[in-house]
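S.K.: My questions concern the predicted model and sequence given below.
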Amino acid sequence: MVAADQVEFTLALGETNTKKVSWWKQIGIPRTNNTETFLWVQNHSLIREENRATASMQIPVNEINNSKGISFWKAKMFGVHTLLNYKWNVLPAIKGGCRITLSWNRDSCL
């Protein structure tokens, strides 16, 4: 259960046509204090503790900046963590008590 004053975000590595998504992925949730809170997932790291297929976090609904979109990042060539050039402006539709799960498939979340 998610409290009425919180929103729970979960990011998960997905799969397309039985092919699992790999490497490092991240989303950024914009906050009202002009920062972002990041959730990241990855696999295939040589450091076993860094491998996680899902990550979750609850954020107070009044601290989410609804005027900005969720940002997306991925590891590109040589593992460089790169901001992708699109944002998902879904936050105005999100209310307190919601649980949002984003599954990364190809270069998008569903």
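M.R.: All right, it came through fine.
S.K.: Give the closest residue to residue 54 in space, chain neighbours not counted.
M.R.: Leaving out its chain neighbours, the residue that sits closest to residue 54 by Cβ to Cβ, 6 or more residues apart in numbering is residue 12, at 4.5 Å. Every C-beta, even on glycine, is put in place using the N, C-alpha and C of the backbone.
S.K.: List the residues that contact the one you found.
M.R.: 41, 53-54, 101-104 (Cβ atoms under 8 Å, 6 or more residues apart in numbering).
S.K.: if you set the cut-off to 10 Å instead, what comes out?
M.R.: Going by Cβ atoms under 10 Å, 6 or more residues apart in numbering, residue 12 touches 21, 25, 39, 41, 52-56, 101-105, 109.
S.K.: Closest one of these to residue 33?
M.R.: residue 39 (17.5 Å; Cβ to Cβ).
S.K.: okay, now the closest one: neighbour count?
M.R.: Using other Cβ atoms under 10 Å, residue 39 has 20 other residues around it.
S.K.: can you check residue 1 too?
M.R.: Using other Cβ under 10 Å, residue 1 has 7 neighbouring residues.
S.K.: Surely it and residue 97 touch.
M.R.: Yes: judged on Cβ atoms under 10 Å, residue 1 makes contact with residue 97 at a distance of 8.3 Å.
S.K.: looking at this structure, which helix or strand is least sure?
M.R.: strand 108-109 (a mean of 54; mean pLDDT, DSSP states H and E).
S.K.: For the chain, give me the ranges with low pLDDT.
M.R.: When residues are selected by pLDDT under 70, those of the chain lie in 19-21, 45-46, 106-110.
S.K.: Do you have the strands of it handy? List them.
M.R.: Assigned by DSSP state E, the strands in the chain fall at 6-13, 15-16, 19-20, 25-30, 36-41, 54-60, 70-75, 81-88, 99-105, 108-109.
S.K.: Export those strands as CSV, with columns for distance to residue 47.
M.R.: As requested, the strands of the chain are arranged in CSV below (distance: least, Cβ to Cβ, whole Å):
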stretch, distance to residue 47
strand 6-13, 17
strand 15-16, 23
strand 19-20, 19
strand 25-30, 17
strand 36-41, 14
strand 54-60, 16
strand 70-75, 14
strand 81-88, 15
strand 99-105, 20
strand 108-109, 25
